[in-house]
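Enquirer: Attaching a predicted model along with its sequence, questions to come.
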Amino acid sequence: MEQLAEYFNETLGTEVKISQVREEELSSLPLAYTNLYKLYATKIFNRNVLLVYVNEEFTTENLRKQLEIIEQNMHLPCIAVFDTLESFTRARLIEKKIQFIVPGKQMYLPEFLIDLKEFRTKPKVIAPNMQPSAQLLLLYHLQIESLEGINFKEIADKLLYNGMTITRAAYYLHNVGLCEIQGTKEKYLHFKSSKRKLWEEAEPLMSTPVKEINYYNGFSPIEYFSGVCYANITALSNYTDINPDVVEYFAVRTGYVEQQLLGPNFKKSNHLEGNICIEDWKYNPAILKTDRNVDPLSLYLCFRESKNERIEMAREQLIEKVEW
């Protein structure tokens, strides 16, 4: 807290006094919260606030809900304080409008119209979006099988990529702070975060896996072809309470339709007349499929930008069903 007081003085030009909140003043809070966080009181520009010191692993959504409960019970605005934060976690906190301070690094206090960052450290130049191979690797680790401590050659075999592609994907994930590369002769991956937290850190960098959409007339290919998965609203209806569409939606790797499906009983059509819609994906959805459906996290990314209320509710159901 001394470092935080100095940070206030240096950045805002104001001296603040920080004192730990006494136990008797915390009686209105659930006991779990008093064990989880240390609370401090201070004033910023003559306004009373609570500083909530976070020193445990957390998810941004849980933190947001818990800070709301503390604010409601203590009747004071809360500011989360961290010793250190990875850049992706900071981005998630800002996205959810959670006020926070990392002393000496960043101060995000929208209620006070303050957003200060430390610029002395040169940022790494990285691709804004994750490559499809890196996204597949991470989603495989999160949902199918842990890739912790598995060498690059084995990972390449599991994901049906060549060794160079997996090496590039691994170094991308390493450079953005999602994992570490260990080993000398043989390289391995080490993931520092729990799977739920890793998803929260990685999701802003991920993109929809859908590359192209086409409509067809013909039979449902799901019964006869192992490389085909239910996708889009069809898969979403299988995972959640949302109703399916008249059109059936499927996902395949790029090139699969031309190689396997097209023929007398399966012809290209348009969105007005086709009974089948097939999405060509940037990576092979069959590697991640659950039963006959595309994996939940890829499906979430497909619907991430939707503002439809029904889709938003189904999207939340989808995440809740993931077994981390």
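Expert: Structure's in. What do you need?
Enquirer: mind listing the helices for the stretch 151-300 of the chain?
Expert: 152-159, 163-175, 195-202, 232-239, 256, 296-303 (DSSP state H, counting those that start in this stretch).
Enquirer: hmm, who's touching the shortest one?
Expert: Right, the one you point to is helix 256. 227-228, 280 (CB atoms under 8 Å, 6 or more residues apart in numbering). The C-beta positions use only the backbone N, C-alpha and C, and glycine is treated the same way.
Enquirer: Recalculate using a threshold of 6 Å.
Expert: Outside helix 256, the residues that touch it by CB atoms under 6 Å, 6 or more residues apart in numbering are Gly227.
Enquirer: averaged over its residues, what pLDDT does that helix have?
Expert: The pLDDT scores in helix 256 average 95.
Enquirer: Tell me which stretches of the stretch 1-150 of the chain form helices.
Expert: Using DSSP H, counting those that start in this stretch, the helices found in the stretch 1-150 of the chain span residues 2-12, 31-36, 60-74, 87-95, 132-143.
Enquirer: returning to what we had before: any chance of the helices of the stretch 151-300 of the chain in TSV with distance to Glu95 and mean neighbour count as columns?
Expert: Listed next are these as TSV, based on distance: least, CB to CB, whole Å; neighbours: other CB atoms under 10 Å:
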stretch	distance to Glu95	mean neighbour count
helix 152-159	29	18
helix 163-175	21	18
helix 195-202	10	20
helix 232-239	23	22
helix 256	35	21
helix 296-303	15	23
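Enquirer: Of all the ones you listed, which one comes closest to Tyr188?
Expert: helix 152-159 (7.8 Å; CB to CB).
Enquirer: Give the other helices and strands that that closest one contacts.
Expert: Counting contacts by 3 or more CB pairs under 6 Å, 6 or more residues apart in numbering; DSSP states H and E, helix 152-159 packs against helix 163-175.
Enquirer: and among the helices of the stretch 1-150 of the chain, the most buried is which?
Expert: Among the helices of the stretch 1-150 of the chain, the stretch with the highest mean neighbour count (mean count of other CB atoms under 10 Å) is helix 132-143, at a mean of 23.
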